[in-house]
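Visitor: build the 3D model from these lines:
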Amino acid sequence: METPSRRNVLMTGGALGALGALSAAAPAQASALWTWSPKGSVAGAGAGADPKGVWDPEVDQLVASLLDGGGVPAVNEKLRAWRTNGQTLPSGLPAELRNWIEQARQMPSWTDQGKLDAAVDFNERRGLYLGVTYGFASGMMSTVIPREARAVYYSKGGADMRDRITKTAKLGYDIGTANAFKPNGEMIVTCVKTRLAHAGVRHLLPQSPHWQKVADEEKPISQADIMVTWHSLPTTVMQNLVKWKIPIPADDSAAFLHSWQVTAHLLGVLDEYIPNSWDEANAQARQVLDPILAPTPEGIKLADMLLNLATIVPGGPLKYVTKPILGALTRYVLGDEIAEWLHIRRYPFWDTVFEVAWEPFIRVREGLLELEDGPGLLQQFYWLFDEILRVAALLVLSGGNLPISIEIPTGNNPDYPDD
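Guide: This next block holds a predicted model:
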């Protein structure tokens, strides 16, 4: 059986996991009042304003002007040449845009390079687990975040989920690379281009009558929305790694968190909204993420698209990972309630396999249990579990599709025209 490279593993897991972060989708609004204190943030202080009313005004105005003036296609074409963090920006960009990018690409003053280096090592050693948790804990969760699901469905990328997944995968891959935030890496570029894409959607999506009919906000992707998506990524991933009893030293845990704290800053989140610890991250998630999970018609359709993408990839190792396996793993990771929301049918055999054998499989991989001491199902399916970890969720990417270009959208989903 073909074994995919680590690059494909990370891209595959990142594909689902980064769906919210790069899809220009805005998660649902929490019903509770904002009470999380900025004292628990990386800034340690702040105004304490509800982030549901805070957006990204400078870049929003800039991108809206480009869209209204017809300048976005030319900007997108020029920015395709900007690929690495330390690279000089292409010539010919509007001066105001150039100045904004130069400011936006700066690392935060509180960056700890030692922690970022440790995060590289953590990603290298735990990349297989991260792939499956980004994919099934984070990515499939995005389909039950109502605002996110609706915005994905009615934005331009909703018309081509394979292309959307390909582009959204880049964040999950880039953060796991050895040079992620270094001059020859691509993570900073990815984050800055994502801010531009978010600004484009904030201008375009309110023009969609289809989105307007189901939306409960006038403008998507507030600071709160971005942090909800953020929690569906590192916070949810770490919760699952802990639940699976994967040994994670405190330094590794802090390093992984720090890489995502820096990412939040580069995505335009104000420092006063970025948690300074896992305890604070979990507390914030309990307020802004947990209460708003719910099914929507759009999310149900997206979940089905995601699970079915595996069946249309020709050849490759995913031919061994069928929809029943993917559906059962989704149910195991997210639980019965969310699986029922998404109309994922029960697969009694595979549901039992994951329930009985998954955690013992993790213990065997971690050297905490001998294979012959595990349950019989584990001994029969150890090889398949290992393959699932390796291909994670959806192997829809290949070197032939690279480089991937994240761009400012110029319209909404053409299958749902604005007029």
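
Visitor: which parts of stretch 409-419 are buried?
Guide: By 16 or more other Cβ atoms under 10 Å, the buried positions in stretch 409-419 come out as 409, 411, 412, 413, 418. For glycine as for every other residue, the C-beta is placed from the backbone atoms N, C-alpha and C.

Visitor: er, stretch 79-92 actually
Guide: So stretch 79-92, judged by 16+ other Cβ under 10 Å, has buried residues 79, 82, 85.

Visitor: closest to residue 196 out of these?
Guide: residue 79 (7.9 Å; Cβ to Cβ).

Visitor: is that closest one in contact with residue 407, as I believe?
Guide: Yes. Using Cβ atoms under 8 Å, residue 79 makes contact with residue 407 at a distance of 7.3 Å.

Visitor: low-confidence regions, this structure specifically.
Guide: Applying pLDDT under 70 to the chain flags the ranges 1-32, 161-169, 309-321, 387-403, 419.

Visitor: I'd like to know how many residues surround residue 356.
Guide: Residues within reach of residue 356, counting by other Cβ atoms under 10 Å, total 16.

Visitor: give the contact list for residue 332.
Guide: Applying Cβ atoms under 8 Å, 6 or more residues apart in numbering to residue 332 gives the contacts 351, 354, 355, 358.

Visitor: help me confirm that it is found in a strand?
Guide: No. Looking at residue 332 with DSSP: H, G, I helix; E, B strand; the rest coil, it is helix, so not inside a strand.

Visitor: let's number from 853 now, not from 1
Guide: Right, with 853 as the first residue, what we last looked at is residue 1184.

Visitor: relative to residue 1196, how far out is it?
Guide: Residue 1184 sits 11 Å away from residue 1196, taking Cβ to Cβ, to the nearest Å as the criterion.

Visitor: now for the one helix or strand residue 1002 maps to, which elements pack on it?
Guide: Applying DSSP states H and E as the criterion places residue 1002 in helix 998-1006. Contacts defined by 3 or more Cβ pairs under 8 Å, 6 or more residues apart in numbering; DSSP states H and E place helix 998-1006 against helix 871-874, helix 1061-1066, helix 1075-1082, helix 1149-1161.

Visitor: got the buried residues for the longest one?
Guide: By neighbour count, and taking 16+ other Cβ under 10 Å as the criterion, the buried residues in helix 1149-1161 are 1150, 1151, 1152, 1153, 1154, 1155, 1156, 1157, 1158, 1159, 1161.

Visitor: can you give me the strands in the stretch 1053-1202 of the chain?
Guide: Taking DSSP state E, counting those that start in this stretch as the criterion, the stretch 1053-1202 of the chain contains no strands.

Visitor: which residues do residue 931 and residue 1259 both contact?
Guide: What both residue 931 and residue 1259 touch, as defined by Cβ under 8 Å, 6+ apart, is the set residue 1045.

Visitor: dump the residue contacts of residue 1148.
Guide: Residue 1148 neighbours (Cβ under 8 Å, 6+ apart): 996, 998, 1001, 1002, 1066.

Visitor: can you do 10 Å?
Guide: For residue 1148, the contact set (Cβ atoms under 10 Å, 6 or more residues apart in numbering) comprises 880, 995-1002, 1005, 1066, 1154, 1193.

Visitor: and the gap between it and residue 1009?
Guide: Applying Cβ to Cβ to residue 1148 and residue 1009 gives a distance of 17 Å.

Visitor: and the helices and strands packed on helix 998-1006 as CSV, adding distance to residue 1093?
Guide: Formatted as CSV, the helices and strands packed on helix 998-1006 follow (distance: least, Cβ to Cβ, whole Å):
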stretch, distance to residue 1093
helix 871-874, 19
helix 1061-1066, 34
helix 1075-1082, 17
helix 1149-1161, 22
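
Visitor: that concludes my questions; thank you for your assistance.
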